[in-house]
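Colleague: how does the following fold in three dimensions:
(chains A and B)
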There are 2 protein chains.
Amino acid sequence: MNLPPQLTELKARLYEIYDLEMTAALLNWDQMTYMPVGGAAARGRQLATLGRIIHEKQIDPAIGRLLEALRSYEESLPPDEPDAALIRVARRDYERATRIPSAFAAELYQHMAASYDVWSRARPANDVAAVLPYLERTLDLSRQFAEFFPGYEHIADPLIDMADYGMRATTIRQVFAELRQGLIPLVEQITDQPPIDDSCLHRFFPEEQQLAFGIEVITTLGYDFNRGRQDKTPHPFMTKFSLNDVRITTRVNEHDLGSALFSTIHEAGHAMYEQGITPEFEGTPLASGTSAGMHESQSRLWENIVGRSLPFWQHFYPRLQATFPDQLADVSLDTFYRAINKVQRSLIRTEADEVTYNLHVILRFDLELALLEGTLAVRDLPEVWHERYRSDLGIAPPDYRDGVLQDIHWYGGLIGGAFQGYTLGNIMSVQLFDAALRDHPDIPQQIADGRFDTLRAWMRENVYRYGRALDTDDILRRATGRSLDVQPYLAYLRRKYGELYHIAIDA
Amino acid sequence: MNLPPQLTELKARLYEIYDLEMTAALLNWDQMTYMPVGGAAARGRQLATLGRIIHEKQIDPAIGRLLEALRSYEESLPPDEPDAALIRVARRDYERATRIPSAFAAELYQHMAASYDVWSRARPANDVAAVLPYLERTLDLSRQFAEFFPGYEHIADPLIDMADYGMRATTIRQVFAELRQGLIPLVEQITDQPPIDDSCLHRFFPEEQQLAFGIEVITTLGYDFNRGRQDKTPHPFMTKFSLNDVRITTRVNEHDLGSALFSTIHEAGHAMYEQGITPEFEGTPLASGTSAGMHESQSRLWENIVGRSLPFWQHFYPRLQATFPDQLADVSLDTFYRAINKVQRSLIRTEADEVTYNLHVILRFDLELALLEGTLAVRDLPEVWHERYRSDLGIAPPDYRDGVLQDIHWYGGLIGGAFQGYTLGNIMSVQLFDAALRDHPDIPQQIADGRFDTLRAWMRENVYRYGRALDTDDILRRATGRSLDVQPYLAYLRRKYGELYHIAIDA
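Modeller: A predicted model of the protein is given here:
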């Protein structure tokens, strides 16, 4: 079968949408990094204008006609063939975009901008009352959004589907229940032990050296600075303007050595995923990580499984000591390794250790479902948040700033689908790492030697290169032989933290 | 007469175009400042996509219909009324844009990108042969462009009109001839004197202090960093993303104190113009400086008339000495003032002194006209360039790199209209400064006291605030009582450089 002319036309339309989406990403990046305060109002207008044009182009009926005309061609191809994947994913995006009326999208956009604005001022002021009316409206809009996708099993499903295609609320609930059941006693056992002393991380570490060391680390891991760069922002993130321009940001706390370092590795993990996608996908909807969860599997793998491992620091710790000779001369590798893996009951998700982190996520996911189901009212959310922290983490925030006002997600986006990806990613990160280890048992030794190419090549071959051409479960099953499975992750945590805290932990 | 609904609709369409143009400007700024090398190919596509969409929206026949419907409303208003100016300028832009066929615009865009790319590699390699075929095509396209505007007096007029609305080739030729007649003997007289020793500018001046001092200077002049910022690029420029986000760039040479300093003041002059436009014009085609020449009048006024004046350094020199105590302790104010005003026959336009600068511009303007008229062939251009430098500047480049390959203009844009604005700006800068002095004779004393608010307020009141609501000649006549006039500029140069070189110069 010859290449149908409709495919050429479809691609031209998709390229255009991609170019505009990447342009919008640059407007956002600049807003977060370098924009002077005066630029804010115009930037909002520019993003709104571009968003409207992108939506118009996404729902152009010509795309629908082209997809229809390409159906027989698509069916003639093996599903793995790039053209087949492209048509499949383009159809998915088109069908999703056309369900959202333009007037709703415009209203949603307006509301999100207003809500974000109110939250960004309310959070430092601890002013929970200011955000509640906006949160009410967000919940209302989130429900309306879900209703555009009739036939769902749970009202959160259409929202979850946007971030983690193919996942369902009931499945995630089961997975998270199983995980929680394993985590709660593990946290109990660990916090019964004497706390680790991590004061060595809280000496004075000048910004310039911290940044230089972080750059050395992620360059060694394989982040390509010819196709990216690092800037500073209060909240680190990764964004891209093409597969060859994938940027990250970090923040520096001169009294917390771990802050910049691990956020740098985390964002570089996201970025290496995007940098590793098949170059031929550039310009199409395939040129992106396949889901929030799969993306997080990579940021968390490099940050935690690699970056907080003993072999990693067997290689890097002498270099870190050379960077900070005064601060770390008297700190042994073992002391440092234990400090960066200290487990404690804490309030802030993004600063939580590996073991407690998922409890932060699971409670947010549960609260999202309860809000959408109508079993939890927005006005009760701030107090229920405190209750859940007390019951799950054994600690409650002294204010709302570090309570329900903590994360941007519900104030800059919809309620539903915002958080599950973080924990799905943690779970998958161990499944993928274990599979890489089965193929290359010497990876830990390579890491101790400062070599990351085998692990990175395995991830590129089994995860990165597919972009959105394979869905999350397909990638996972092909790469590991199994679908999502909590047990390897629990086993990893028990093994690592059992050793760290010198406790025997039952499987 | 009530506000017609068509005006609201017209404004909505103009806002959209403005937002997209500002977005394109950000794509360009990022390309020049922070983009990693890998990002280049995608950036070209993004700019092309956005350029195409902008052109589509500019020539939308709905704009033509709205403008037609608004004709009687426009005629009912005084021409100075903002709505009248908006409709007038929008009509001008629309009529101009619709004359350019989309296919031509696309071809032109492609060719410009290819030509720029070839030039950027050919210049360091001194490879003039590589650019000549592109320059031939550029000349061909420039002629075609002019032909879309039939009825011109000179073929360069439609091209000049794009940058300096209302100016004509024959007028400029006369003005430049008069100027050249005054400049050539002035340069002769000056260069007959012993050369000024400017070695004090070529000691080692660390980048960090140079940048900090430049920022102190332009903050004092009135550049608003809350509505702008400064970054580094090899070629300094100003760009804006709204009237409240007007950015500049500079470059630093640690062995040339003048390089960063005067480019910083120059770009701040451009930026203060944009920052001073009536805020209500934001989002419309009025929110921009009115012409290349008027823009340059401001950059050159602040850079030269103010920034290279003795009162300016009476205020700033002690501060500069405090910034560079080791380097400047033994350098008197007079020595420094003479050094930054050294006149010499030189090869590079952007580094030329005030007196010889216009000779660089005039010869480029003459060559543009000759190329467009067909009296000069592209293949002869490189050698004719050398001849003109010998005859006008008394010096010829040893290679093409500093000859015909020197400026980006003909390689990243059309031939015609590229250069006249620089000299028109110089001429107007003195007319405007003289008018400000008539109103406020104490401005030089204020400058010596480090106060720039009177001068800046005068410029805002008489120039900046109008944006494009007034054309160049209207601004000039209202502000100074006269149209373009070379003689005040020549008088300024004779007075200043007569004193500096201790020569009596006949008027």
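Colleague: which positions in the helix or strand where A:Gln210 lies come out as buried?
Modeller: Using DSSP states H and E, A:Gln210 sits in helix A:207-221. If you call a residue buried by 16 or more other Cβ atoms under 10 Å in any protein chain shown, then helix A:207-221 has these buried ones: A:Gln210, A:Leu211, A:Phe213, A:Gly214, A:Ile215, A:Val217, A:Ile218, A:Leu221. Any C-beta I mention is one placed from the backbone N, CA and C, and that applies to glycine too.
Colleague: just stretch A:234-251 next, same as before
Modeller: A:236-250.
Colleague: filter the residues you listed down to the ones near chain B?
Modeller: A:Phe241, A:Ser242, A:Leu243, A:Asn244, A:Asp245, A:Arg247 (Cβ under 8 Å from any Cβ of the partner chain).
Colleague: can I assume the first one is in contact with A:Ala25?
Modeller: Translated: A:Phe241. Yes: applying Cβ atoms under 8 Å as the test, A:Phe241 and A:Ala25 come out as touching, 5.8 Å apart.
Colleague: pull up the overlap in contacts between those two.
Modeller: Common contacts of A:Phe241 and A:Ala25 (Cβ atoms under 8 Å, 6 or more residues apart in numbering or on different chains): none found.
Colleague: pLDDT weak spots in chain A?
Modeller: In the predicted model of chain A, residues A:1, A:505-507 satisfy pLDDT under 70.
Colleague: can you list the domain ranges for it.
Modeller: Listed by automatic domain parsing, the domain ranges of chain A are A:5-99, A:169-500.
Colleague: and these as a markdown table, adding distance to B:Asp192?
Modeller: Listed next are the domains of chain A as a markdown table, based on distance: least, Cβ to Cβ, whole Å:
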| stretch | distance to B:Asp192 |
| --- | --- |
| domain A:5-99 | 49 |
| domain A:169-500 | 52 |
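Colleague: surely A:Pro79 forms part of a helix?
Modeller: No: assigned with DSSP: H, G, I helix; E, B strand; the rest coil, A:Pro79 falls outside any helix and is coil.
Colleague: in the stretch 301-450 of chain A, what residue is nearest chain B?
Modeller: A:Trp302 (20.0 Å; Cβ to the nearest Cβ).
Colleague: same deal with the stretch 351-500 of chain A?
Modeller: For the stretch 351-500 of chain A, Cβ to the nearest Cβ, closest residue to chain B: A:Gly467, 15.3 Å.
Colleague: all strands in chain A, in order from the N-terminus.
Modeller: Secondary structure of chain A by DSSP state E: the strands cover A:230-232, A:238-242, A:245-250.
Colleague: out of these, flag the one nearest A:Thr454.
Modeller: Closest to A:Thr454 of the strands of chain A is strand A:245-250 (Cβ to Cβ; 21.9 Å).
Colleague: strands paired with that closest one, and their directions?
Modeller: Strand A:245-250 pairs in its sheet with strand A:230-232 (parallel), strand A:238-242 (antiparallel), by DSSP bridges.
Colleague: take the ones you listed and lay them out in JSON lines including distance to A:Leu50.
Modeller: Listed next are the strands paired with strand A:245-250 as JSON lines, based on distance: least, Cβ to Cβ, whole Å:
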{"stretch": "strand A:230-232", "distance to A:Leu50": "21"}
{"stretch": "strand A:238-242", "distance to A:Leu50": "13"}
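Colleague: quick one, which of the ones you listed is nearest to B:Glu267?
Modeller: Short answer: strand A:230-232, nearest of the strands paired with strand A:245-250 by Cβ to Cβ, at 22.4 Å.
Colleague: show me how far that closest one is from its chain's centre.
Modeller: Mean-position distance between strand A:230-232 and its chain equals 18 Å (Cα atoms, centre = their mean, to the nearest Å).
Colleague: try stretch A:415-425
Modeller: Worked out by Cα atoms, centre = their mean, stretch A:415-425 lies 8 Å from the chain centre.
Colleague: what's the end-to-end length of it?
Modeller: Start-to-end span of stretch A:415-425 (Cα to Cα, to the nearest Å) is 19 Å.
Colleague: same question for stretch A:294-305.
Modeller: Span of stretch A:294-305 from end to end, Cα to Cα: 15 Å.
Colleague: and stretch A:342-355, by the same measure?
Modeller: First-to-last residue span, stretch A:342-355, Cα to Cα: 9 Å.
Colleague: which residues of chain A lie near chain B?
Modeller: Residues of chain A lying near chain B (Cβ under 8 Å from any Cβ): A:15-16, A:19-20, A:22-23, A:26-27, A:30, A:34-39, A:41-43, A:45-46, A:49-50, A:53, A:224-229, A:231, A:241-245, A:247, A:282-283.
Colleague: please indicate which of the residues you listed are buried?
Modeller: A:16, A:19-20, A:22-23, A:26-27, A:30, A:34-36, A:38-39, A:42-43, A:45-46, A:49-50, A:53, A:224, A:227-229, A:241-245, A:247, A:282-283.
Colleague: can you list which of the residues you listed are found in helices?
Modeller: A:16, A:19-20, A:22-23, A:26-27, A:30, A:42-43, A:45-46, A:49-50, A:53 (DSSP state H).
Colleague: partners of the spatially closest residue to A:Ala42 that is not a sequence neighbour in the sheet?
Modeller: Excluding the flanking residues, the one nearest A:Ala42 by Cβ to Cβ, 6 or more residues apart in numbering or on different chains is B:Ser242, at 3.1 Å. As for beta bridges, B:Ser242 partners with B:Asp245 under DSSP bridges.
Colleague: now do the contacts for B:Ser242.
Modeller: A:Gly38, A:Gly39, A:Ala41, A:Ala42, A:Arg43, B:Met22, B:Glu282.
Colleague: is it true that the residue of the stretch 351-500 of chain A closest to chain B touches A:Thr278?
Modeller: Yes: A:Gly467 sits in contact with A:Thr278 when judged by Cβ under 8 Å, with a separation of 6.3 Å.
Colleague: list residues touching both of these two?
Modeller: What both A:Gly467 and A:Thr278 touch, as defined by Cβ under 8 Å, 6+ apart, is the set A:Leu286.
Colleague: please say which of those two ends up with more neighbours.
Modeller: Taking other Cβ atoms under 10 Å in any protein chain shown, A:Gly467 and A:Thr278 do not tie; A:Gly467 has more neighbours (26 against 16).
Colleague: what residues are up against the more buried one?
Modeller: A:Gly467 neighbours (Cβ under 8 Å, 6+ apart): A:Ile277, A:Thr278, A:Phe281, A:Leu286, A:Ala287, A:Ser288, A:Gly289, A:Thr290.
Colleague: try it again at 6 Å.
Modeller: If a contact means Cβ atoms under 6 Å, 6 or more residues apart in numbering or on different chains, then A:Gly467 has A:Ile277, A:Phe281, A:Leu286, A:Ala287, A:Ser288 as its contacts.
Colleague: how about the second one, what does it touch?
Modeller: Pointing back at A:Phe281 there. Contacts of A:Phe281 (Cβ under 6 Å, 6+ apart): A:Ala287, A:Gly467.
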